[in-house]
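> this one's structure only:
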C-alpha cells in the first residue's frame, strides 16, 4: 500500500465503531503533531477500494464529545494519505424531515460548542489561517455522496442544518426551541470543530447524519434511552457500507 491510495476515510460516531464489510484490515496505531487520535486507524478493502476507518469516540466509546482530540483524528487521516473524509454523526432530529432512522447529508451547520480546541492556530507561532467556511461541507463531496446513495438505493435526505452542541448531556427542550428558531434541523455533539479543522487541513469533508431519536420536545415526549438510540442507528446504518463503497469508487 502506498501513501496515496486511500480512496476514502470514514469517521464513525456513536453506535458505529467499525465499518461493516471492510476486508483485509490493517491496523495503524498512529501519533501526530497534535497527539494520539481516538484509537487505531483501520485500513482495508471495501468493494475493491482502500478505505480507512477511525472511531471518533474510540472503539469502546470511551471518549466523550468534548474531549475528542479532533485535530489528532484528522491529522492521522491526512498522514496516511487520505484527502476525502466522510464523517458519520449520530444526531437527533428537530424538524419534520429528520425523524429517527433517517440518513441525511446536511449542507449547513451552527456551532454552539465552547472550550474545545477549534483551530490549527492554537499554539504560539502557528500560522494564522482564515479559511472560507461559508459552506462548511465540501460541495463536490456532498454531490458524490448523494450520487452514491442514489446508485445504491439508499434513502438520503439532501440538505439541512446541523447544530453542534457541547454535550455529553442531551439538550433541554428550551435549547432545542432556540435551535429551531436559529434554523437547525439536526442536533449533534461532534460536528464542530471537526468540520472547521478539516477545512484548515485542506481535506474534502462532508457529513452523513444518522438520526437516532427526536430531539427534546420534538416528535415525542418519551425519555430517550441508549437502547433506542443504538437500535435506530443500527437500522439507519444498514445501507452505509454499500454507499461508502460506491463513494470510494467515485
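Arrived safely, thanks for sending. Small disclaimer: the values here were computed from a predicted structure and weren't measured. Residues are numbered from 1 along each chain as shown.

> rest of the way, CA atoms for contacts and neighbours
OK.

> and the longest helix for the chain?
Counting residues, the longest helix in the chain under DSSP state H turns out to be helix 139-152.

> ok, what's across the strand from residue 26?
Counting by DSSP bridges, residue 26 is bridged to residue 43.

> circling back to that earlier point, tell me the gap between the longest helix of the chain and the middle of its chain.
The chain centre lies 16 Å from the centre of helix 139-152; the measure is Cα atoms, centre = their mean, to the nearest Å.

> again, but for stretch 209-219
With Cα atoms, centre = their mean, you get 16 Å for stretch 209-219.

> still on that earlier bit, by contact count, what packs against the longest helix of the chain?
The criterion is 3 or more Cα pairs under 8 Å, 6 or more residues apart in numbering; DSSP states H and E, and the helices and strands that helix 139-152 contacts are strand 103-105, strand 204-214, helix 240-249.

> Pull the residues that contact the shortest one.
The reference is to strand 103-105. Identification of contacts with strand 103-105 by Cα atoms under 8 Å, 6 or more residues apart in numbering yields 98, 142, 145-146, 155-160, 206-211, 236.

> let's see 10 Å
Strand 103-105 is contacted from outside by 88-91, 97-98, 137, 142-143, 145-146, 154-162, 186, 206-212, 233, 236-237, 239-240, using Cα atoms under 10 Å, 6 or more residues apart in numbering.

> Now restrict those residues to buried residues only.
Buried by 16 or more other Cα atoms under 10 Å: 88-91, 98, 137, 142, 145-146, 154, 156-157, 160-162, 186, 206-212, 233, 236-237, 239-240, out of those.

> before we move on, the earlier item: strand 204-214 and the longest helix of the chain, what's the angle between them?
Computed by axes from the mean of the first three to the mean of the last three Cα atoms, to 10 degrees, the angle separating helix 139-152 from strand 204-214 equals 60 degrees.

> could you say which helix or strand contains residue 110?
According to DSSP states H and E, residue 110 maps onto strand 108-111.

> What's the separation between residue 139 and residue 133?
To residue 133, residue 139 is 12 Å away according to Cα to Cα, to the nearest Å.

> mind showing which ranges of the protein have poor pLDDT?
Regions of the chain meeting the criterion pLDDT under 70 cover residues 1-4, 221.

> From residue 209, how far out is the residue sitting nearest the centre point of it?
With distances taken as Cα atoms, centre = their mean, residue 87 lies nearest the centre of the chain, 2.7 Å away. As judged by Cα to Cα, residue 87 and residue 209 stand 8 Å apart.

> now do residue 236
If you go by Cα to Cα, the gap between residue 236 and residue 209 works out to 10 Å.

> Give me the common contacts of the two.
The overlap between the contact sets of residue 236 and residue 209 (Cα under 10 Å, 6+ apart) consists of 101-103.

> Including neighbour count and distance to residue 169, could those go into JSON lines?
Shown next, in JSON lines, are the shared contacts of residue 236 and residue 209 (neighbours: other Cα atoms under 10 Å; distance: Cα to Cα, whole Å):
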{"residue": "101", "neighbour count": "22", "distance to residue 169": "21"}
{"residue": "102", "neighbour count": "22", "distance to residue 169": "22"}
{"residue": "103", "neighbour count": "27", "distance to residue 169": "23"}
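
> Let's have those residues in TSV, adding distance to residue 176.
Output for the shared contacts of residue 236 and residue 209, formatted as TSV (distance: Cα to Cα, whole Å):
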residue	distance to residue 176
101	19
102	19
103	20
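
> can you give me the strands for the chain?
8-12, 23-28, 41-46, 49-55, 84-93, 103-105, 108-111, 157-158, 161-164, 186-188, 204-214 (DSSP state E).

> Any idea what residue 11 is bridged to?
Applying DSSP bridges to residue 11 yields these beta-bridge partners: residue 54, residue 87.

> how many neighbours does residue 56 have?
Neighbours of residue 56 under the rule other Cα atoms under 10 Å: 29.
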